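Visitor: Got a predicted model here, sequence first, then my questions.
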Amino acid sequence: MSATLITPFGPVSLRECDGVLTHLDWHPGQGAATPLLTEALRQIAAYFDKCLTEFDLPLDWGQGIHAPVRRAMAAIPLGETRSYGDLARIVGSPAQAVGQACGANPLPILIPCHRVLGRAGLGGFSAPGGVETKVALLRHEGAAGLLI
């Protein structure tokens, strides 16, 4: 199942499997919306309207290193950032492994990998527009100390 929402960054679509959100894609999806997809799109719209600061949805946390890294990313409050090194200390893995897990995040925005920055720069981002979209999301959230 898949459903689409038009956002300030273009269309995003969500996919779910067995009652859990599995993917956010940066293009229109196809298919009928389920109640979960409808609620998830409602929450994303509220986030972009600045009426929601934390998502309350069943997410696929992944396996192995991905699960603790995704949970650590999800714990970063709106308007704040952490470094790959910060997350590495939290999950007990090397920063490079954390960076790879961030890059493999299938649920950007919902699991806010855009809030994770490099020690001396922004790091990357998977959305169309790459780092520019990451910066725009951080600005949308009023990220404290964003030097851009």
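Guide: Now that the structure is in, tell me what you want to look at. Residues are numbered from 1 along each chain as shown.
Visitor: which residues does Thr4 bridge with?
Guide: Beta-bridge pairing for Thr4 (DSSP bridges): Ser13.
Visitor: Might you report the residue contacts of it?
Guide: Contact analysis of Thr4 by Cβ atoms under 8 Å, 6 or more residues apart in numbering lists 11-14, 28-29, 41. C-beta: built from backbone N, CA, C; applies to glycine.
Visitor: let's go with 6 Å and repeat that
Guide: By Cβ atoms under 6 Å, 6 or more residues apart in numbering, the contact set of Thr4 is 11, 13, 28-29.
Visitor: List buried residues within these.
Guide: 13, 29 (16 or more other Cβ atoms under 10 Å).
Visitor: Do a quick rundown of the helices in the protein.
Guide: Along the chain, counting by DSSP state H, helices occupy 35-48, 66-74, 84-91, 95-103, 131-140.
Visitor: Same list (these) but as a markdown table, adding mean neighbour count, mean pLDDT and distance to Asp18.
Guide: Conversion of those to a markdown table gives the following (neighbours: other Cβ atoms under 10 Å; pLDDT from 0 to 100; distance: least, Cβ to Cβ, whole Å):
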| stretch | mean neighbour count | mean pLDDT | distance to Asp18 |
| --- | --- | --- | --- |
| helix 35-48 | 17 | 96 | 10 |
| helix 66-74 | 20 | 97 | 17 |
| helix 84-91 | 18 | 95 | 26 |
| helix 95-103 | 19 | 91 | 23 |
| helix 131-140 | 18 | 89 | 28 |
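Visitor: Which one of those lies nearest to Leu24?
Guide: helix 35-48 (8.4 Å; Cβ to Cβ).
Visitor: Report the backbone C-alpha coordinates of that closest one in CSV.
Guide: Taking Å, rounded to 0.1, in the frame of the first residue of the first chain, the C-alpha atoms of helix 35-48 are listed here in CSV:
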residue,chain,number,x,y,z
PRO,A,35,-6.1,4.2,7.7
LEU,A,36,-2.4,4.1,8.8
LEU,A,37,-1.2,5.8,5.7
THR,A,38,-3.9,8.4,6.0
GLU,A,39,-2.9,9.1,9.6
ALA,A,40,0.8,9.3,8.8
LEU,A,41,0.1,11.8,6.0
ARG,A,42,-2.0,13.8,8.3
GLN,A,43,0.8,13.9,10.8
ILE,A,44,3.4,14.9,8.2
ALA,A,45,1.0,17.7,7.0
ALA,A,46,0.7,18.9,10.6
TYR,A,47,4.5,18.8,10.9
PHE,A,48,4.9,21.1,7.8
